[in-house]
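Colleague: Generate a structure from the sequence data that follows.
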Amino acid sequence: MRSPTDRRQPQKSDLRRVAILESLNHHLRESGFDALNIADVTRRAGVTRSAFYFYFENKAAGVAALLEPMYDDGFLAGDILTDTTRPPRRRIRGMLEALLDTVDEHRYLLQAMLEARATSPSIRDVWDQARETFVPTVAQMITAERDGGRAPGGPAPEILASILLEFNDRLMERYTVGGRLSREDLLTAAESVWLRTIYLNDEDNHR
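Modeller: Numbering: from 1, shown residues only. Predicted structure coming up:
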C-alpha cells in the first residue's frame, strides 16, 4: 500500500527513491522528526532536493512512505482477529499483541508519524484512510458472530468496527509515547473493551 502523498508510482528498480527512504530512516533514528532536515537527507542519499520533492510532497509524506511495511502488520493482526475458528478472547488478545509488537518494532517511526500527523492534514488523511481499510473486514466478522448467535445485536457493525479501530489507534499511540500503564495493563484493558463491546458479558464466548 503506497501513501497517497507519494507523488509518483516508481518501479521497484528506482534506486533514488530507495536511497532517499534509507537516508530518511537513518536521520529519523538519529534525530527524530522535528530535527529532520531535507538537505541532510538528500546529501546522504546522494540526490538533489528536487529529487526528494519529485517523490514526496514534504518530509511528513516521506515518513508516511516509510511506514508502508506496517500496513502488512495490520493485515496480519486483522487475519488473527477474523479467524472465527478460534475463541473470541484468543483472537482479540492475539490481534492486540500483534499491534503492540508492531509498535515495539517501529517505535521511532511511529513517534515520527504521530508528530507528522499533528501538523499535516495530508498525513492525517493517510493515517485515517489506512485505518478505514480495515473497517469492512471487522464489520463482516461482527456480522458473522451475530448471525452465528455468538454475539448479541447492537449498533451497525460498520459503526462498531470504526469505533473499535479508532480505539486501537489510541492504544498504539499511548504505547508508543509511554506512560504509567504497562504493556500488560494496556493489553488486558483493551481486551476487555473489545470483548464487552462485541460480546457483552457472555463469558462462555470469551474463553
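
Colleague: pLDDT below threshold where in this structure?
Modeller: 1-13, 201-207 (pLDDT under 70).

Colleague: what residues go with each domain of it?
Modeller: 15-64, 67-206 (automatic domain parsing).

Colleague: what would those domains look like in TSV with mean neighbour count?
Modeller: Bear in mind the C-beta positions are built from the backbone N, C-alpha and C, glycine included. Shown next, in TSV, are the domains of the chain (neighbours: other CB atoms under 10 Å):
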stretch	mean neighbour count
domain 15-64	18
domain 67-206	16
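
Colleague: For this protein, just list every one of the helices.
Modeller: Ranges of helices in the chain, per DSSP state H, are 15-31, 38-45, 49-55, 59-66, 68-82, 88-119, 121-132, 135-147, 157-177, 183-199, 203-206.

Colleague: Now do the second one: which elements does it pack against?
Modeller: In this structure, helix 38-45 packs against helix 15-31, helix 49-55, helix 59-66, with contacts taken as 3 or more CB pairs under 8 Å, 6 or more residues apart in numbering; DSSP states H and E.

Colleague: Repeat the analysis, applying 7 Å as the threshold.
Modeller: For helix 38-45, the packing partners by 3 or more CB pairs under 7 Å, 6 or more residues apart in numbering; DSSP states H and E come out as helix 15-31, helix 49-55.

Colleague: With just CA atoms, put the shortest one into CSV.
Modeller: Put plainly, it is helix 49-55. The C-alpha trace of helix 49-55 is given here as CSV (Å, rounded to 0.1, in the frame of the first residue of the first chain):
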residue,chain,number,x,y,z
ARG,A,49,16.5,18.4,-3.1
SER,A,50,14.4,18.5,-6.2
ALA,A,51,14.7,14.7,-6.4
PHE,A,52,13.2,14.4,-2.9
TYR,A,53,10.3,16.6,-3.9
PHE,A,54,9.8,14.6,-7.1
TYR,A,55,8.7,11.7,-4.9
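
Colleague: next one: it to chain centre, how far?
Modeller: Distance, stretch centre to chain centre, for helix 49-55: 26 Å (CA atoms, centre = their mean, to the nearest Å).

Colleague: Which elements pack onto it?
Modeller: Helix 49-55 sits against helix 15-31, helix 38-45, with contacts defined as 3+ CB pairs under 7 Å, 6+ apart.

Colleague: change it to 10 Å
Modeller: Helix 49-55 is packed against helix 15-31, helix 38-45, helix 59-66, with contacts defined by 3 or more CB pairs under 10 Å, 6 or more residues apart in numbering; DSSP states H and E.

Colleague: what angle do the second one and helix 15-31 make?
Modeller: In this structure, helix 38-45 runs at an angle of 120 degrees to helix 15-31, with axes from the mean of the first three to the mean of the last three CA atoms, to 10 degrees as the basis.
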